[in-house]
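[1] The following block contains a protein sequence and its predicted model.
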Amino acid sequence: MAYGYNRPDPADAFRNWLRFQSDLLLIATQEGYTEEQAIEMLKIYALEGIKTNTGLIGGNY
């Protein structure tokens, strides 16, 4: 057992992720988008992050 190391709680990490996504949906709906449009924007936002991250690898994908 390593001292000073705490294993991250996956349930807590997932809850934090859900809260963040909910905040993004709320912001989009406050900007005048429907909930369906906001969900689609979140999908695009996530896919763009994947594209950016794989581009940093050096075009191996």
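    Structure's in. What do you need? Numbers count the residues shown, from 1 in each chain.
[2] What's the end-to-end length of stretch 3-11?
    When the termini of stretch 3-11 are compared using Cα to Cα, to the nearest Å, they are 23 Å apart.
[3] no wait, stretch 29-36
    End-to-end distance of stretch 29-36 (Cα to Cα): 9 Å.
[4] Now that stretch: buried residues?
    Of the residues in stretch 29-36, none count as buried by neighbour count, 16 or more other Cβ atoms under 10 Å. C-beta: built from backbone N, CA, C; applies to glycine.
[5] for it, the distance to its chain's centre please.
    Put simply, stretch 29-36 sits 18 Å off its chain's centre (Cα atoms, centre = their mean, to the nearest Å).
[6] Could you do stretch 16-23 as well?
    Distance, stretch centre to chain centre, for stretch 16-23: 8 Å (Cα atoms, centre = their mean).
[7] buried stuff in it?
    Within stretch 16-23, no residue counts as buried by 16+ other Cβ under 10 Å.
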